[in-house]
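# Would you be able to build a 3D model of this:
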Amino acid sequence: MADAEAAPPQLSNARLLALMSAFALAFVAAGFALDTPQAIGQGLLRILSSRDTLITDYMGLGGIGAALVQAGLLTLAAIAVYRLAGAQLSGASLACLFLVLGFGLFGKSLLNIWFIVLGVWLYARYKGEPFAKHINVAFFGTALSPIFTEILFSSALPLRFSLPLAVATTVLIGFMLVPTAAHLFKAHMGYTLYNIGWVAGIVGTLVVAVYKSYGFVPDPVFIWTRGNNALLGAMLLGLLVAMAALALRLDPRALRRQLQIQREPGRSPTDFIARHGIGAALLNMSLCGAIGTAYVLLVGGDLNGPTLGAIFTIVGFAAFGKQPRNIVPVMIGVFISSLAKDWNAHDPSAVLAALFGTTLAPIAGRFGWHWGIVAGIVHSSVAQSVGQVHGGLVLYNNGFAAGLVAAILVPVILSLRPPAEAEDASR
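Residues are numbered from 1 along each chain as shown. A predicted model of the protein is given here:
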């Protein structure tokens, strides 16, 4: 059979779960290699008993070892839920699990995510549908998990009132996510990959507005660690090289297939695993993660919990829409914007905007690199402002901002194109 016609190699569901488990276990092992069990235990207690509002770097809160262990254990717990639910893993599932792994370093904890997941499970039961059908929405939707700890730990109410209020609020949020996500997807037509980030921003803004009307105003948090670039950079390099080596072992043609991925626009939903095989997808994930890491280091940014979370978000979505040619223009746009604004490219918010802003990669992939740069420029400004409306209680702040950008920018782009082409791009 000709090479172009050869079916790309795939992994069974069990092996995909095992592969993802290996990455999570690598985090746990690295954590224990960097710190003592006693220090990790104390750090985990601090992480689990604190508020998680943006930006709460668990490496600063509990130590690097505890943050890595927390992220790894959280991901293993999520993998167990996928297995129990009988969910079939896809590119979207890997993106979701890598988000859990990355945000397990800043914002998602072993305590705060579960009632949102429960809310989605209750919705599935109410509709008579398998939970596996909505499991990605459940774990993507844990973007709103800081609402749980914000109510629980910062409310003036005693625990006997704050706990049931936190539980009821987050279960209700989870119940609303599935129908809301399906409806709001239409606003951006798949030109932002973080659909649940857009949805979470809308829902989070609504919830925070209701609580603010009763006098409950979230307190700002900013924990951001510095000085660990060499250590965390070496860890990232090891993981990304291992991912690339595994890709080539699973598929000797992975590089050729990855070049095919780079011709994909990446508009959601685009499952690179299904279309090009696990080897090509893993190689693409490694390359995109390396680009994200290089950007942070080149602009003089910090590798820490939030930036590693952003890099692993890029890695995950490189199985579901992101590839080097469509993420770089957006990052360039954010960088160019920093040259003309009163913030620097290495500032925390600017670095996160460049990394998370790659959710707008389909705009560059479908309409050209120049529109990707425009999207990055616009996104950098929007991302600086929208956090005020949700009080930092939506972890996917950039996902919310990107939803706004795509919902407005894409119709403008389509209006400037020939009618037949615009109609095709809007379908």
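
# CA only for contacts and neighbour counts going forward, please
Noted.

# mind checking which helix or strand of this structure has the lowest mean pLDDT?
Scoring the helices and strands of the chain by mean pLDDT, DSSP states H and E places helix 419-426 at the bottom, with a mean of 64.

# how far does stretch 282-302 sit from the chain's center?
15 Å (Cα atoms, centre = their mean, to the nearest Å).

# Pull out the buried positions in stretch 367-385.
367, 369, 371-383 (16 or more other Cα atoms under 10 Å).

# Tell me how far it lies from the chain's centre.
Centroid separation for stretch 367-385 versus its chain: 18 Å, with Cα atoms, centre = their mean.

# With only the CA atoms kept, save it in PDB.
Below are the C-alpha coordinates for stretch 367-385, written out as PDB (Å, rounded to 0.1, in the frame of the first residue of the first chain):
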ATOM      1  CA  PHE A 367      -7.700  33.000   7.200                       C
ATOM      2  CA  GLY A 368      -3.900  33.400   7.100                       C
ATOM      3  CA  TRP A 369      -1.000  34.400   9.400                       C
ATOM      4  CA  HIS A 370      -1.800  38.100   9.100                       C
ATOM      5  CA  TRP A 371      -5.300  37.600  10.700                       C
ATOM      6  CA  GLY A 372      -3.600  35.500  13.400                       C
ATOM      7  CA  ILE A 373      -1.400  38.400  14.300                       C
ATOM      8  CA  VAL A 374      -4.500  40.700  14.400                       C
ATOM      9  CA  ALA A 375      -6.300  38.200  16.600                       C
ATOM     10  CA  GLY A 376      -3.300  38.200  19.000                       C
ATOM     11  CA  ILE A 377      -3.100  41.900  19.100                       C
ATOM     12  CA  VAL A 378      -6.800  42.300  19.900                       C
ATOM     13  CA  HIS A 379      -6.700  39.400  22.400                       C
ATOM     14  CA  SER A 380      -3.900  40.800  24.400                       C
ATOM     15  CA  SER A 381      -6.000  43.900  25.200                       C
ATOM     16  CA  VAL A 382      -9.300  42.000  25.900                       C
ATOM     17  CA  ALA A 383      -7.600  39.500  28.200                       C
ATOM     18  CA  GLN A 384      -6.200  42.300  30.400                       C
ATOM     19  CA  SER A 385      -9.700  43.600  31.100                       C
END
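
# Show me the contact partners of that stretch.
Outside of stretch 367-385, the residues within contact range by Cα atoms under 8 Å, 6 or more residues apart in numbering are 326-327, 329-337, 349-350, 353-354, 357, 360-361, 363-365, 397-398, 401-402, 405-406, 409.

# and the helix or strand where residue 326 lies, what other elements does it pack with?
Residue 326 is part of helix 324-339, with elements assigned from DSSP states H and E. Secondary-structure packing of helix 324-339 (3 or more Cα pairs under 8 Å, 6 or more residues apart in numbering; DSSP states H and E): helix 278-298, helix 348-356, helix 361-367, helix 369-385.

# could you dump those helices to a markdown table with mean pLDDT?
Shown next, in a markdown table, are those (pLDDT from 0 to 100):
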| stretch | mean pLDDT |
| --- | --- |
| helix 278-298 | 98 |
| helix 348-356 | 97 |
| helix 361-367 | 96 |
| helix 369-385 | 96 |
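
# Excluding covalently adjacent residues, which one is nearest to residue 9?
residue 277 (5.2 Å; Cα to Cα, 6 or more residues apart in numbering).

# Now for the one you found: which residues touch it?
8-10.

# Could you rerun that using 10 Å?
By Cα atoms under 10 Å, 6 or more residues apart in numbering, the contact set of residue 277 is 7-11, 247, 250-251, 253-254, 257-258, 271, 319.

# now it: how far from residue 7?
8 Å (Cα to Cα, to the nearest Å).

# For residue 393, which three-state class applies?
Applying DSSP: H, G, I helix; E, B strand; the rest coil to residue 393 yields a three-state assignment of coil.

# is it true that it touches residue 170?
No: using Cα atoms under 10 Å, residue 393 is not in contact with residue 170, being 11.9 Å away.

# Near residue 414, how many residues? Count them for me, please.
Neighbours of residue 414 under the rule other Cα atoms under 10 Å: 17.

# element containing it?
Going by DSSP H and E, residue 414 is part of helix 397-415.

# Pull out the buried positions in stretch 76-87.
By neighbour count on 16+ other Cα under 10 Å, the buried set for stretch 76-87 is 76, 78-79, 82-83, 87.

# pull the CA atoms of it into CSV?
Provided in CSV are the C-alpha atoms of stretch 76-87 (Å, rounded to 0.1, in the frame of the first residue of the first chain):
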residue,chain,number,x,y,z
LEU,A,76,-4.8,10.3,37.9
ALA,A,77,-8.1,10.8,39.7
ALA,A,78,-9.6,12.3,36.5
ILE,A,79,-8.2,9.4,34.4
ALA,A,80,-9.9,7.0,36.9
VAL,A,81,-13.2,8.8,36.3
TYR,A,82,-12.8,8.5,32.5
ARG,A,83,-12.1,4.8,32.9
LEU,A,84,-15.1,4.2,35.2
ALA,A,85,-17.3,6.1,32.8
GLY,A,86,-16.2,3.9,29.9
ALA,A,87,-15.3,7.1,27.9
